[in-house]
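Novice: requesting a structural model of the entry that follows:
(one chain, ligands or ions: 1)
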Amino acid sequence: KEKFEITKEQQDFMNVILDAYNRHQIPPDVAKKLLQEQYSAEENFLLLTEMATSQVQVLVEFTKNIPGFLSLDHEDQIALLKGSAVEATFLRSAQAFSTKMPSGHTEVLEERIRKSGISEEFMTPMFNFYKSIGELHMVQEEQALLTAITIMTPDRPYVKDQQAVERLQEPMLDILRKLCALHHPGEPQYFARLLGRLTELRTLNHYHAEMLTSWRMNDYKFTPLLCEIWDVQ
Ligand SMILES: O=C(NC1CCCCC1)[C@H]([C@@H]1CCCCO1)n1c(-c2ccc(Cl)cc2)nc2cc(F)c(Cl)cc21
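Specialist: Modelled structure (predicted):
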């Protein structure tokens with residue numbers, strides 16, 4: 001078998017992941033809301049916490065559809081979700097930012113986010129990541145698989161059976177490698193660049209709690225789910 005040829009079972013696996021990714025759509029289009037009007041720091045914070053909370057719920061539903069996830073140790077299932085929720089939020093935000101928009105809209109969106117209440121120091125790493133994701137022009141299958149691979153990361157804190165997680169992540173990496181060769185034939189290093197984004201994504205993990213608690217306003221209200229997932233309050 002050609003090492004880049006996608007097998008029938010890999011195609012079926014991909015369809016399950018893509019269907020789940022599309023079925024569990026993200027919360028209502030936050031980009032549209034941000035483009036409509038300028039919100040105060042308080043309103044932006046509320047918007048983010050609402051979006052992030054419903055995105056976590058969406059993420060759980062998506063994850064349950066990843067073949068093999070539900071047969072993992074239950075505590076490991078929680079550890080994987082908790083360990084990847086922030087990265088999944090930034091990945092989704094990056095995808096929202098990279099969506100093709102009428103000319104000038106992305107600039108307005110960037111401006112609104114820059115003025116949303118986030119401290120200045122986090123803008124550079126955040127937008128560097130968003131732009132590096134945008135430059136990749138990922139197809140939907142790659143986005144869905146990259147999210148699933150991020151969730152199925154064996155070395156998250158508190159994961160007991162890392163080998164079991166590796167056995168689920170490896171087949172997805174193999175499909176992704178083949179998809180990259182298929183959709184980006186002229187770029188043999190594309191797959192490596194895609195995986196490099198996951199490393200950049202982990203660095204955003206370090207900032208997220210501080211990004212929230214340094215939001216330019218006084219009283220922070222987090223949903224109980226976000227307190228659990230985002231290590232805040
Ligand atoms: O709501 C957001 N992201 C959701 C999260 C769930 C999935 C869908 C996207 C936030 C917005 C930012 C302005 C103020 C309101 O929140 N956001 C963030 C962001 C995320 C984490 C932190 Cl701590 C700070 C900012 N980056 C974004 C990039 C974008 F293109 C767009 Cl549209 C929105 C984006």
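Novice: how about R114: what's its closest non-neighbour residue?
Specialist: M123 (5.9 Å; CB to CB, 6 or more residues apart in numbering). Placement of C-beta: from N, CA and C, glycine included.
Novice: where's that neighbour, which helix or strand?
Specialist: M123 is part of helix 123-134 when elements are defined by DSSP states H and E.
Novice: quick one: average confidence on that helix?
Specialist: When pLDDT is averaged over helix 123-134, the result is 96.
Novice: what residues of that helix count as buried?
Specialist: Residues M126, F127, F129, Y130, S132, I133, G134 are the ones in helix 123-134 that count as buried (16 or more other CB atoms under 10 Å).
Novice: now the helix or strand of the chain at the bottom of the mean pLDDT ranking: buried residues?
Specialist: Least confident helix or strand of the chain, by mean pLDDT, DSSP states H and E, is helix 224-230 with a mean of 87. Residues of helix 224-230 classed as buried by neighbour count (16+ other CB under 10 Å): L225, L226, I229, W230.
Novice: need the contact partners of that helix.
Specialist: Contacts with helix 224-230, where a contact means CB atoms under 8 Å, 6 or more residues apart in numbering, come from 49, 52-53, 56-57, 81-82, 85-86, 208-209, 212, 222, 232-233.
Novice: show me which of those residues are buried.
Specialist: In these, the ones that pass as buried (16+ other CB under 10 Å) are T49, A52, T53, V56, L81, K82, A85, V86, H208, L212, F222, V232.
Novice: JSON lines for those residues, including secondary structure, distance to N65 and pLDDT?
Specialist: Shown next, in JSON lines, are those (DSSP: H, G, I helix; E, B strand; the rest coil; distance: CB to CB, whole Å; pLDDT from 0 to 100):
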{"residue": "T49", "secondary structure": "helix", "distance to N65": "26", "pLDDT": "92"}
{"residue": "A52", "secondary structure": "helix", "distance to N65": "21", "pLDDT": "91"}
{"residue": "T53", "secondary structure": "helix", "distance to N65": "20", "pLDDT": "91"}
{"residue": "V56", "secondary structure": "helix", "distance to N65": "16", "pLDDT": "92"}
{"residue": "L81", "secondary structure": "helix", "distance to N65": "13", "pLDDT": "96"}
{"residue": "K82", "secondary structure": "helix", "distance to N65": "18", "pLDDT": "95"}
{"residue": "A85", "secondary structure": "helix", "distance to N65": "16", "pLDDT": "94"}
{"residue": "V86", "secondary structure": "helix", "distance to N65": "21", "pLDDT": "94"}
{"residue": "H208", "secondary structure": "helix", "distance to N65": "25", "pLDDT": "89"}
{"residue": "L212", "secondary structure": "helix", "distance to N65": "29", "pLDDT": "88"}
{"residue": "F222", "secondary structure": "coil", "distance to N65": "27", "pLDDT": "86"}
{"residue": "V232", "secondary structure": "coil", "distance to N65": "28", "pLDDT": "83"}
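Novice: what residues does the chain put near the ligand?
Specialist: Counting by CB under 6 Å from any ligand atom, the chain comes close to the ligand at 26, 30-31, 34, 44, 47-48, 51-52, 55, 89, 92-93, 96-97, 109, 113, 116, 118, 208, 211-212.
Novice: remind me which residues of the chain are low pLDDT?
Specialist: In the prediction, the chain carries residues with pLDDT under 70 at positions 1-2, 27-28.
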